[in-house]
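> quick one, fold the following:
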Amino acid sequence: TLGAIRRQANSIEQQTVAAGKAVDAARDNAAAARLNAQAIIDAERAWLVAEPHNPTELGPIDSGQILFMVKNVGKTPAIIVERSHIGVRIREGDALPEQPNFADGRIIAEVGALLPPGMVLPILAYINKPAMESIKKDESTLYIYGFVKYCDIFDRTKIHETRYCFRYHQKRGEQDSLGAGFYFDGPPEYNKAS
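Presented below is the predicted three-dimensional model:
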């Protein structure tokens, strides 16, 4: 009888171990399925990226207009929730703070606008003449940074955000073939997408 009880206990223990392994495998399969579903959503959803226009040169000293574009490189439309940009002049040698300050930014009013795949949303920044003269004399450096918040058709409650930061480079190194103009720059917190 004692041997039968031991055999039964061993059998129950083996079944418990097997059941635990089955539960672990089911949990792993569920996690893999969630990751796969999220990868499909991420591959199909709207993705907004910012880019300078060719890159934009400051041009004549009194023009004062700079063009940037936010493009939907995803596969589904994006719905603009909020966007803002700000221009900052910094004395030569100083740097941007690590965290962007959007409080003084220019809030743009295209909230609710639909941006289909492949389409661009223009961003115009204006610079006054004294600021442009200061930048062209290398007395200060110009940064233009901002953000676009948007949702997509998969989940209108989930807000995505693209941040961008462009720095105007007045002079490039001798080994660098790029001309003067706006290029991506700034701390990581200024350039990110989620």
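
> contacts, neighbours, all on C-alpha from now
OK.

> OK, contacts around Gly167?
To be clear, residue 167 is Arg; Gly isn't right here. Going by C-alpha atoms under 8 Å, 6 or more residues apart in numbering, Arg167 touches Thr141, Leu142, Tyr143, Ile144, Phe182, Tyr183, Phe184, Asp185, Gly186.

> gap between it and Ala26?
For Arg167, the distance to Ala26 (C-alpha to C-alpha, to the nearest Å) stands at 50 Å.

> what about the helix ranked longest in the chain, distance to the chain center?
When the chain is parsed with DSSP state H, its longest helix is helix 2-44. In terms of C-alpha atoms, centre = their mean, to the nearest Å, the gap separating the centre of helix 2-44 from the centre of its chain is 38 Å.

> one step back: neighbour-wise, which of the contacts of Arg167 leads?
Among the contacts of Arg167, the one with the most neighbours (other C-alpha atoms under 10 Å) is Phe182, at 26 neighbours.

> sec struct for that one, please.
Look at Phe182: counting by DSSP: H, G, I helix; E, B strand; the rest coil, its state is strand.

> is the closest residue to Pro52 other than its chain neighbours in a bridge, and if so with what?
Of all residues not flanking Pro52 in the chain, Phe68 sits nearest, at 4.6 Å (C-alpha to C-alpha, 6 or more residues apart in numbering). Listed by DSSP bridges, the beta-bridge partners for Phe68 are Pro52, Ile123.

> Val88 - that's part of a helix, no?
No: under three-state DSSP, Val88 sits outside any helix and is assigned strand.

> pLDDT score for it?
With respect to pLDDT, Val88 has a value of 80.

> what's the distance between it and Phe102?
11 Å.

> Lys136 touches Tyr168, doesn't it?
No: using C-alpha atoms under 8 Å, Lys136 makes no contact with Tyr168, being 10.0 Å away.

> now Ile159. Nearest residue, chain neighbours left out?
Leaving aside its chain neighbours, Ile159 sits nearest to Cys151 (5.0 Å; criterion: C-alpha to C-alpha, 6+ apart).

> contacts only, for that neighbour.
So Cys151 contacts Ala46, Ala78, Ile79, Ile80, Val81, Thr157, Lys158, Ile159, His160 (C-alpha under 8 Å, 6+ apart).

> which SS state does the first one fall under?
Secondary structure, three-state DSSP: Ala46 is coil.
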